[in-house]
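A.B. asks: Quick one, what's the 3D model for this:
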Amino acid sequence: MKLDDKTLADWDTIANVIIPTGTTGGIVKKAKFDYDSQNVYVHMEMAVKVSDGNIFDFYMDTDNKSTTGLLTSEIPGGGYDFLLEGPLLSQANGLVQYQHTGGQNDFAFNPLDIAEYYKLGTVQEAGGIVKFELAFARGKRSGLTGKAGTCGIILSASNYSELGYMPGQNHTAITLDISQ
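C.D. replies: Numbers count the residues shown, from 1 in each chain. Now for the predicted structure:
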């Protein structure tokens, strides 16, 4: 994936598309994921405007153990070790990385100060749909150097009222095979 080419055309070759069932995705329409030895890539399409200032919550289970990390019924299937949260599209360097620190039912996270752990690529807005791509640096987060990662995404309004979900509200998290 090329994040600096001002196009999303390279995503056309990725056939594995995740589309939330029925209305469970809310404003999230679809996503694609890819990886290489350096990054895990995400491409999403949503019914929003960049100017809405939506808050993204990327929940990541990087050790693939449901016995560690936060458990949540909104995205079952993972014990989330990291939360990447913030207004990704409307604020430069908008995502803050947090590591889970409490019990599995405790929403307890400590902020981490790790430079350049993600990069936002091309963002396109047309006809009420925003499409974007980003990359998470595998070497900047423990576990993403392994063979798999589990994730779920919640998209909220700027007041944190939830608007969208990937793979869908109350649907089992996405497990990414990043073994090659």
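A.B. asks: Contact partners for the nearest residue in space to Glu45 that is not next to it in sequence?
C.D. replies: The spatial neighbour of Glu45 that comes closest, neighbours along the chain excluded (CB to CB, 6 or more residues apart in numbering), is Lys29 at 4.4 Å. Yep, even glycine has a C-beta here, placed from its N, CA and C like the rest. In this structure, Lys29 makes contact with Ile19, Pro20, Glu45, Met46, Ala47, Ile129, judged by CB atoms under 8 Å, 6 or more residues apart in numbering.
A.B. asks: and what of Thr175?
C.D. replies: With contact set as CB under 8 Å, 6+ apart, Thr175 has these partners: Asn64, Gly77, Ala148, Gly149, Thr150.
A.B. asks: CA atoms of the helix or strand hosting it as PDB?
C.D. replies: When elements are defined using DSSP states H and E, Thr175 is found to belong to strand 174-177. The C-alpha coordinates for strand 174-177 follow below in PDB (Å, rounded to 0.1, in the frame of the first residue of the first chain):
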ATOM      1  CA  ILE A 174     -12.000  -9.100  13.200                       C
ATOM      2  CA  THR A 175      -9.000 -11.400  13.400                       C
ATOM      3  CA  LEU A 176      -6.300 -10.400  11.000                       C
ATOM      4  CA  ASP A 177      -3.800 -13.100   9.800                       C
END
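A.B. asks: List the buried residues for it?
C.D. replies: Ile174, Leu176 (16 or more other CB atoms under 10 Å).
A.B. asks: quick one: low-confidence parts of the chain?
C.D. replies: For the chain, the stretches with pLDDT under 70 are 142-147, 180.
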